[in-house]
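Asks: sequence and predicted structure are below.
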Amino acid sequence: MVIGRLHRDNRNAHAFARLIGGILASAVMVTITVVVTGPAAAMAELPSGVPLVTLQLNLCNSGFASCYTQYNNGRSVPEARDVIVARRPDVVTLNEICRSDVVNSLYPAMVGNFPDSRAFWAFKAAGNRSTGQSYKCKNGDEYGIGILGRVRTADWAGVTITDGLYPMQDTSSNEMRAWVCAGAIGNYFACTTHLVSTSGTIALQQCKRLMEVEIPAFKTAVGVRAPVVVAGDLNLRYGGSPNVQSCVPSGYYRKGDGDVQHFMASTDLPFGYGQSVNLAYTDHDGWLVGVNP
């Protein structure tokens, strides 16, 4: 793992992390940004009695994929915003989105939902093998994955963000798959990824890289214990070949939507419920999971 940058910022209590990592065509690039707005309480678990709800969304919003013209046509992001407002998740993991979708459309919904909390966002663009730059949506914006999150103001101690491109990729595709993690210091770590769809073998390798290498390294770099949630479109199925369960390391469990979207959490976050959320304007329903610390 290559550490690109470690930055600590104590400027104000409303700071949030914004990060676009570098692109390397032949190796993984990892960037870490730390934003701290108060003392980092060394909590080992979520505040007692506070449930954590995670919503996984694949919004098919590149403008290029067939699902865009079949379902979306610019409607999946407004629909996602409505779902966020209605369901009030604490963490939202986003796949197949443009950067502006995260920053301008969906992040404000999190802010509006929780006036008693600090909200944050993170985005990581996929790499473009042919250009050596970030992959773009049809409208020219950066294309990739993102995270939205919130922490109660009383428990807020800053957020740390890290991201990267996998060293293993489908070399027949220009799109280089990425991962991104956000550490709400002393509260939780949240990660998302969108793995290759063309090779189950490579998808499993990428999944294991995230779960067995990147997340442990991130937790070590942050140096503060907290539970972990991971959600995304893994393009792997339970009982499939390969089996997504092969990616679940010791100390974690997995709950899937019956298809390719999965939620994983460290075992210090007992499972509460899982629920599909019907979406009309993308080819994947949302996957809503609640844990009960």
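Replies: Ah, there it is.

Asks: biggest helix in this protein by residues?
Replies: helix 76-87 (DSSP state H).

Asks: quick one: average pLDDT of that one?
Replies: The average pLDDT for helix 76-87 rounds to 97.

Asks: by contact count, what packs against the helix or strand following that helix?
Replies: Past helix 76-87, further along toward the C-terminus, the next helix or strand under DSSP states H and E is strand 91-98. On a contact count with 3 or more Cβ pairs under 8 Å, 6 or more residues apart in numbering; DSSP states H and E, strand 91-98 meets strand 52-58, helix 76-87, strand 143-152, strand 188-194, strand 228-233. For every residue, glycine as well, the C-beta is placed using N, CA and C.

Asks: in CSV, list these along with mean neighbour count and distance to residue 116.
Replies: Shown next, in CSV, are those (neighbours: other Cβ atoms under 10 Å; distance: least, Cβ to Cβ, whole Å):
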stretch, mean neighbour count, distance to residue 116
strand 52-58, 26, 16
helix 76-87, 18, 16
strand 143-152, 25, 6
strand 188-194, 27, 17
strand 228-233, 26, 21
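
Asks: distance to residue 285 for those - can I get that in a markdown table?
Replies: Converted to a markdown table, the helices and strands packed on strand 91-98 look like this (distance: least, Cβ to Cβ, whole Å):
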| stretch | distance to residue 285 |
| --- | --- |
| strand 52-58 | 9 |
| helix 76-87 | 10 |
| strand 143-152 | 18 |
| strand 188-194 | 16 |
| strand 228-233 | 12 |
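
Asks: tell me where the stretch 151-293 of the chain has helices.
Replies: Assigned helices in the stretch 151-293 of the chain, in chain order: 200-209, 215-222 (criterion: DSSP state H, counting those that start in this stretch).

Asks: can you give me the buried ones in the longest one?
Replies: Burial within helix 200-209, assessed by neighbour count using 16 or more other Cβ atoms under 10 Å, is assigned to 200, 202-207, 209.

Asks: then the last one?
Replies: By neighbour count on 16+ other Cβ under 10 Å, the buried set for helix 215-222 is 215, 217-219, 221-222.

Asks: same thing with stretch 271-288?
Replies: 277, 279, 281-288.

Asks: likewise for stretch 88-103?
Replies: In stretch 88-103, counting by 16+ other Cβ under 10 Å, buried: 89-102.

Asks: same question for stretch 263-271.
Replies: Going by neighbour count (16+ other Cβ under 10 Å), the buried part of stretch 263-271 is 263-266, 269.

Asks: quickly list what residue 161 is bridged to.
Replies: residue 33, residue 182 (DSSP bridges).

Asks: and of the helices of the stretch 151-293 of the chain, who's closest to residue 162?
Replies: Residue 162 lies closest to helix 215-222 among these, at 5.0 Å (Cβ to Cβ).

Asks: for that closest one, packing partners?
Replies: By 3+ Cβ pairs under 8 Å, 6+ apart, helix 215-222 packs against strand 30-35, strand 159-165, strand 178-184, strand 188-194, strand 228-233.

Asks: may I see those strands organised as a markdown table, with mean pLDDT and distance to residue 106 added?
Replies: Shown next, in a markdown table, are the helices and strands packed on helix 215-222 (pLDDT from 0 to 100; distance: least, Cβ to Cβ, whole Å):
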| stretch | mean pLDDT | distance to residue 106 |
| --- | --- | --- |
| strand 30-35 | 50 | 19 |
| strand 159-165 | 98 | 16 |
| strand 178-184 | 98 | 14 |
| strand 188-194 | 98 | 13 |
| strand 228-233 | 98 | 15 |
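
Asks: okay if I get those as CSV plus distance to residue 134?
Replies: Formatted as CSV, these follow (distance: least, Cβ to Cβ, whole Å):
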stretch, distance to residue 134
strand 30-35, 13
strand 159-165, 10
strand 178-184, 9
strand 188-194, 14
strand 228-233, 19
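
Asks: the buried residues of stretch 271-288 in strands, which ones?
Replies: 277, 286-288 (DSSP state E).

Asks: what about the protein, any weak spots by pLDDT?
Replies: Applying pLDDT under 70 to the chain flags residues 1-50, 293.

Asks: centroid-nearest residue for it?
Replies: residue 192 (2.6 Å; Cα atoms, centre = their mean).

Asks: next, work out how far apart it and residue 229 are.
Replies: Distance of residue 192 to residue 229, computed by Cβ to Cβ, to the nearest Å: 9 Å.

Asks: same thing with residue 206?
Replies: In terms of Cβ to Cβ, residue 206 sits 18 Å off from residue 229.
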